[in-house]
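Asks: Just the structure for this:
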Amino acid sequence: MAQPNESTLRRATQGDESAFAEVYNYYKGPALRFSISLLKDEEEAENMIQDVFVKIWIKRAQIKPEHNFSSYLFTCLRNMAFDHFKKMEKSEQLRKQFMEAMVSGTEDEKEEKERRMSLVQNAVDSLSIKRRLILKLNIEEGKSYQEIAEFLRISKNTVKNQLVKAKQILREKVDFATA
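Replies: All right, here's what the predicted structure looks like:
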């Protein structure tokens, strides 16, 4: 296929679709090879070729047929490739920022959880031995008031009162420490 001459380019710029098709068919192969060499991605290169020819068709009235169309086309492709790389870089930066935020958020949450666990453990350690034992039997071992009362040989009411007081102390110490 022969290179489109100035007359063919002039007809294409005036809206002649068959002349434009002739220009497209002549340049699409070299344009594709050039784009693939820049992008290293054939599918993306094909998309870019389509986009650049659509833009050329839209702006055809601004094209000067007497100037070097080949140079114009390859400059457009090069600029489009640079824009693509900028978008990719920005997208990668956003992805990295998101991942860093996720990791940071997870570490902050982990530190906060550890701090709260430490506060609770300190509050539990401050309880009397008897209250601590009743709390442990109830919460960690899941024993009922009756089971605890029988195990410690105390009344069920004493178990209940000791648990209420223990939980109240824990709430106060943990709330005070987090305020």
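Asks: Next one: residue 3 from residue 68, what distance?
Replies: Here residue 3 is placed at a distance of 11 Å from residue 68 (CB to CB, to the nearest Å). For every residue, glycine as well, the C-beta is placed using N, CA and C.
Asks: tell me which strands and helices the lengthiest helix in the chain is in contact with?
Replies: The longest helix of the chain (DSSP state H) is helix 69-125. Identification of packing neighbours for helix 69-125 by 3 or more CB pairs under 8 Å, 6 or more residues apart in numbering; DSSP states H and E yields helix 17-39, helix 42-58, helix 129-135, helix 156-178.
Asks: Also compute the angle for that helix relative to helix 17-39, please.
Replies: Relative orientation of helix 69-125 versus helix 17-39 (axes from the mean of the first three to the mean of the last three CA atoms, to 10 degrees): 50 degrees.
Asks: Check the offset of helix 69-125 from the chain's centre.
Replies: Distance of helix 69-125 from its chain centroid, counting by CA atoms, centre = their mean, to the nearest Å, is 6 Å.
Asks: for residue 163, what are its contacts?
Replies: 134, 135, 138, 145 (CB atoms under 8 Å, 6 or more residues apart in numbering).
Asks: Tell me, how many residues neighbour the closest residue to the first one other than its chain neighbours?
Replies: If I follow you right, that is residue 134. Nearest residue to residue 134 in three dimensions, chain neighbours excluded: residue 162, at 4.7 Å (CB to CB, 6 or more residues apart in numbering). Residues lying near residue 162 (other CB atoms under 10 Å) number 23.
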